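Visitor: pasting the sequence and the predicted model now:
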Amino acid sequence: MSEEYRFEIEACAGPAREGLLYGARQLLVRVRMFNGPGVVDGWGEQVTDPDVISDLRPEQARDLALGLLQAAKDAERQTLAANWFKEKVR
């Protein structure tokens, strides 16, 4: 398994903050990509890659969320069009 690939993603507000003009601060959105329990590599070994964490500005997090929703819709459409979910006949 490559270190760039993770099976799960979650997001939450904070704890990081960004300084703004005049001493104001803005809470950032923390995005965590990780491998949950039970993920194994091609040899059946438990994957132990470290989590990937990024703090995003709220605008960037919204753009990412919309992009993820569109990508999920496209992936489902392509999967159905290719009949990849079709059950094999015995």
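Guide: Noted; the coordinates are in hand. Numbering: from 1, shown residues only.
Visitor: make it CA atoms for all contacts and neighbour counts henceforth
Guide: Will do.
Visitor: just the helices in this protein please.
Guide: Along the chain, the stretches classed as helices by DSSP state H are 58-81.
Visitor: where does it dip in pLDDT?
Guide: 1-4, 85-90 (pLDDT under 70).
Visitor: where along it do the strands fall?
Guide: Assigned by DSSP state E, the chain shows strands spanning 8-19, 25-34, 52-56.
Visitor: compare these and give me the one nearest Ala65.
Guide: strand 8-19 (9.9 Å; CA to CA).
Visitor: what residues sit buried inside that closest one?
Guide: 11, 17 (16 or more other CA atoms under 10 Å).
Visitor: now for the closest residue to Phe7 other than its chain neighbours, how many residues are close by?
Guide: In space, and not counting its chain neighbours, Phe7 is closest to Asn35: 5.2 Å by CA to CA, 6 or more residues apart in numbering. Each residue near Asn35 was counted by other CA atoms under 10 Å, and the total is 19.
Visitor: Asn35 contacts Glu8, doesn't it?
Guide: Yes: using CA atoms under 8 Å, Asn35 is in contact with Glu8, at 5.8 Å.
Visitor: enumerate every residue touching the residue nearest to Phe7.
Guide: 6-8, 47-49, 51 (CA atoms under 8 Å, 6 or more residues apart in numbering).
Visitor: again, 6 Å this time
Guide: 6-8 (CA atoms under 6 Å, 6 or more residues apart in numbering).
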